[in-house]
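**Q** here's a sequence, model it:
(one chain, ligands or ions: 1)
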Amino acid sequence: MKRPLPFAAAVGLALSIAAFATVGAGCVRKAPQPTDAYKMAADAVHVALAADRGVYAKMVVERLMNEEKVIRATEHWKDEHTLPLPAQMLRLSAEKARQGSGGVWYGLISTWPINKQNGPKTPTEKVALEALQAKPDVPYYAEETLRDHRYFTAVYSDPAVSKACVSCHNQHADSPRHDFKLNETMGALVIRLAMN
Ligand code: HEC
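**A** Numbering: from 1, shown residues only. Reported below is the predicted structural model:
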């Protein structure tokens, strides 16, 4: 099987093309910085993930569980023959992406996690959650070194896009918060792109 282009190489290529185009057009505009290319790549991954997450929550979970009451979404979905939770769908997809890519990692974190493992772990994650709480529409970008690997880390607000998000978290016994409202920030989506 053909190995996909590692992310660092893809970003490098995009950057060269952008720099070439800038020179070619005789533009006085500043050449794009390396982080611009990583931001663009992370933003593109985020658009697709957020769209998928919203569609699954609304068209599948909210419709089938809350409106039509056909099937529930539960943590033990395999044993109980139910739908996986939206957070589990994202984790399953992240595992697949990691196997097939040259360095893309993503996951959910929150200040009020149902699953304690989803609390912020790195200093960047902690700062990002605070920044997003104040300004949910402004993504938080940083570079991190984790286990000797350099990453470009982008953190985006994860809002309650559907009533299903709010009702499930507010009713969950392990949730530290029971007053989430529609469209409010419930946590964050972290995307890491390998830089080396
Ligand atoms: C049917 C219940 C249910 C629905 C619907 C649901 N969640 Fe969750 N969510 C959970 C559970 C349970 C976890 C912890 C699961 C895990 O980590 O395996 C979780 C995890 C999360 C996390 C990670 C932090 C934490 O609480 O552990 C975020 C952020 C989150 N959900 C946001 C949302 C958003 C936004 C939506 C709607 C798009 C949503 N959830 C829909 C039950 C639900």
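**Q** now do the helix or strand containing residue 124: which elements does it pack against?
**A** Here residue 124 sits within helix 123-134, counting by DSSP states H and E. With contacts taken as 3 or more C-beta pairs under 8 Å, 6 or more residues apart in numbering; DSSP states H and E, helix 123-134 sits against strand 140-146, strand 149-159, strand 185-194. C-beta: built from backbone N, CA, C; applies to glycine.
**Q** using CSV, write out every CA atom in stretch 54-70.
**A** Only the C-alpha atoms of stretch 54-70 are listed here, as CSV (Å, rounded to 0.1, in the frame of the first residue of the first chain):
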residue,chain,number,x,y,z
GLY,A,54,-22.6,17.8,14.5
VAL,A,55,-24.2,15.6,11.9
TYR,A,56,-23.8,12.4,14.0
ALA,A,57,-25.2,14.2,17.1
LYS,A,58,-28.2,15.7,15.3
MET,A,59,-29.1,13.2,12.5
VAL,A,60,-28.3,10.0,14.3
VAL,A,61,-28.3,10.4,18.1
GLU,A,62,-30.8,13.2,18.6
ARG,A,63,-33.2,11.8,16.0
LEU,A,64,-33.1,8.1,16.8
MET,A,65,-32.7,8.4,20.6
ASN,A,66,-34.5,11.6,21.7
GLU,A,67,-37.1,12.2,18.9
GLU,A,68,-38.0,8.8,17.5
LYS,A,69,-36.9,6.8,20.5
VAL,A,70,-35.8,3.9,18.4
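**Q** so how far is that stretch off the chain centroid?
**A** Centre-to-centre, stretch 54-70 and its host chain are 21 Å apart (C-alpha atoms, centre = their mean, to the nearest Å).
**Q** before we move on, what about stretch 168-181?
**A** Worked out by C-alpha atoms, centre = their mean, stretch 168-181 lies 21 Å from the chain centre.
**Q** so which bits of that stretch are buried?
**A** Within stretch 168-181, the residues that count as buried by 16 or more other C-beta atoms under 10 Å are 168, 169, 175, 180.
**Q** again with stretch 73-88
**A** 73, 74, 77, 82, 83, 84, 85, 86, 87.
**Q** what sits against the second one?
**A** Put plainly, it is residue 74. 80, 82, 83, 85 (C-beta atoms under 8 Å, 6 or more residues apart in numbering).
**Q** so how far is the ligand from the nearest residue to the second one once chain neighbours are set aside?
**A** By the measure of C-beta to C-beta, 6 or more residues apart in numbering, the closest residue to residue 82 outside its immediate chain neighbours is residue 74, 4.4 Å from it. Taking C-beta to the nearest ligand atom, to the nearest Å as the criterion, residue 74 is separated from the ligand by 7 Å.
**Q** redo the contacts of residue 74 as CSV? Include distance to residue 57, pLDDT and secondary structure.
**A** Converted to CSV, these look like this (distance: C-beta to C-beta, whole Å; pLDDT from 0 to 100; DSSP: H, G, I helix; E, B strand; the rest coil):
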residue, distance to residue 57, pLDDT, secondary structure
80, 19, 98, helix
82, 15, 98, coil
83, 11, 98, strand
85, 10, 98, coil
